[in-house]
Structure formats: structure tokens, C-alpha cells
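1. this is a predicted model, with the sequence first.
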Amino acid sequence: MPDPNDLRPFPAPDTSHPVRLPDGSPHAGTVFLNAVVDHPRFVVGDYTYASAFDPPKDWAARLAPYLFDFSPEHLHIGKFCQIADGALFITSSANHRYDGISSYPFAVFGGGPIEGRPSMPAPGADTRIGHDVWIGQGARILPGADIGDGVIIGAGAVVGGTVPPYCIVGGNPAQVLRQRFSKVDAKRLQQVAWWDWPIDVILAHEALIVAGDVDALEAVALD
């Protein structure tokens with residue numbers, strides 16, 4: 001008899017719960033974010049998934065609690081990212097002023113309008129996550145972080161600033177632990193951009209995509 005797993009089609013990117021349990025029921029704790037997030041400041045690519053052991057009703061609020069509908073900044077997450085349980089994006093609307101004597105946000109509590117008050121910080125930068133980024137359990141992504149394609153973020157890491165493509169970072173504050181590929185090969189992989197291929201082409205070349213032969217994958221892209 002054929003293996004039942006061989007008959008599973010790959011889920012469409014607008015599938016809310018793409019993982020099925022052995023009894024055929026959906027796994028509530030894993031979602032394709034593009035299918036479940038409806039937020040004007042939260043932009044996420046196809047096939048990026050998030051997992052949670054206690055799945056929320058509002059995934060945007062769980063992952064980015066300071067990203068409000070009226071926030072001036074955006075959170076951009078690329079395609080095929082993998083976001084583990086407990087990961088958190090602390091976006092720029094969480095910021096306080098810290099360039100003066102006090103960081104206290106007096107304007108939030110009253111005493112006049114919020115707009116234009118000196119205790120409020122200026123709008124902050126967008127937070128950007130590249131394609132095929134793995135964010136480990138409990139990681140914290142700080143306001144305005146710019147994380148390159150193919151980055152792996154260790155569990156519990158606190159990541160800010162710019163992270164170059166295809167490296168592994170960990171710690172608090174996060175540091176580059178090692179490069180996954182040379183800078184030249186990282187650039188080649190970004191040019192290959194396998195995440196933009198049709199899903200049937202991606203699946204046909206799955207073995208190459210998860211292996212380490214840049215030459216072979218590049219040859220497919222150039223074919």
C-alpha cells in the first residue's frame with residue numbers, strides 16, 4: 001500500500017492551519033501567518049509560519065503587541081520564515097525617549113494632547129525580516145532591526161540593528177556566531193531567490209534547497 005504521507009498535497013499559502021495531525025484534524029498551534037493576520041502594519045510573505053503551544057486568537061497581537069493599527073511603523077516579514085513559540089517582535093511604537101533626563105511618557109497619561117508632546121519619541125524605523133529566516137524559541141527582535149535573508153536566530157536571543165544574510169546569531173545582545181556561507185555565496189543565494197519560485201518548482205528541488213551546494217542550486221536557477 002502507498003504511504004498515506006505521499007498523498008498529502010502541499011498546502012496553499014492562504015491555509016490557516018497547514019499542519020495536519022495523524023487523525024486528520026488541523027494542528028491549531030501552527031499557522032501560515034499570511035492567512036491569519038489582518039493588520040494594516042503587519043506585512044508577511046507566503047508560507048511563513050508561526051507556532052505556539054497556547055495558540056492565540058490574535059496572532060498579530062501575540063507576535064507584535066506594540067504594533068497598533070495607528071502605528072507609524074511597519075513590520076515586514078519575508079517568505080518561508082519559521083517563527084518558534086515565544087518569539088516576540090518589539091516594534092518602534094514600544095519606544096520611549098531616552099535622549100534626555102527622563103524616559104517617562106507623560107503624554108500617554110494626560111495633561112494635554114498626545115500629539116506633539118515633548119515626552120513622546122519621534123516615529124521609529126520599520127522592522128524588517130528577510131526570507132527564509134528561522135527565529136528560535138523566545139527570541140526578541142528589537143525595534144528597527146533589519147535581519148537578512150537566511151539568518152538563523154538562536155533561542156532567547158535579543159536582536160537589534162542590522163544582521164547580515166546567512167549568518168547565525170545568538171545571545172543578549174545578539175552577536176554573529178558564525179557565517180553559514182561566505183559573503184560571496186550569500187550574495188549568490190540572494191540572487192537565486194528560490195523563495196520566489198513556484199511552489200511546485202521548489203518542491204521538485206527540495207533536496208538542493210536544504211543542502212549546501214550553492215553551485216548546484218544556482219545551476220537550476222540559471223537553467
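-> Structure's in. What do you need?
2. list the contacts for the residue nearest the centre of the chain?
-> Among the residues of the chain, residue 77 comes closest to the average C-alpha position under Cα atoms, centre = their mean, at 4.5 Å. By Cβ atoms under 8 Å, 6 or more residues apart in numbering, residue 77 lies in contact with 33, 42-45, 48, 83, 129, 133. The way it works is simple: take the backbone N, C-alpha and C, and place the C-beta from them, glycine included.
3. if we go to 10 Å?
-> 33-34, 37, 42-45, 48, 50, 63-64, 83, 89, 127-131, 133, 135, 141, 147 (Cβ atoms under 10 Å, 6 or more residues apart in numbering).
4. cool, residue 149 as well?
-> Listed by Cβ under 10 Å, 6+ apart, the contact set of residue 149 reads 78-81, 129-133, 164-166, 186, 189-190, 193, 195.
5. so which of the residues you listed belong to helices?
-> Counted as lying in helices by DSSP state H, out of the contacts of residue 149, are 186, 189-190.
6. who wins on neighbours among those residues?
-> residue 189 (22 neighbours; other Cβ atoms under 10 Å).
7. give me the distance between that one and residue 148.
-> According to Cβ to Cβ, to the nearest Å, residue 189 stands 11 Å off from residue 148.
8. got it, and residue 121?
-> Taking Cβ to Cβ, one finds residue 121 at 26 Å from residue 148.
9. when the two are compared, which one has more neighbours?
-> When neighbours are counted by other Cβ under 10 Å, residue 121 and residue 148 differ, and residue 148 comes out ahead with 19 against 16.
10. surely the more buried one and residue 168 touch.
-> No. Applying Cβ atoms under 10 Å as the test, residue 148 and residue 168 come out as separate, 11.8 Å apart.
11. which of the contacts of residue 77 are buried? Put it as a PyMOL command.
-> Applying 16 or more other Cβ atoms under 10 Å to those, the buried members can be selected in PyMOL as follows:
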select buried, resi 33+34+37+42+44+45+48+50+63+64+83+89+127+128+129+130+131+133+135+141+147
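12. please flag which of the contacts of residue 77 sit within strands.
-> Among the contacts of residue 77, the members falling in strands (DSSP state E) are 42-44, 50, 83, 89, 127-129, 135, 141, 147.
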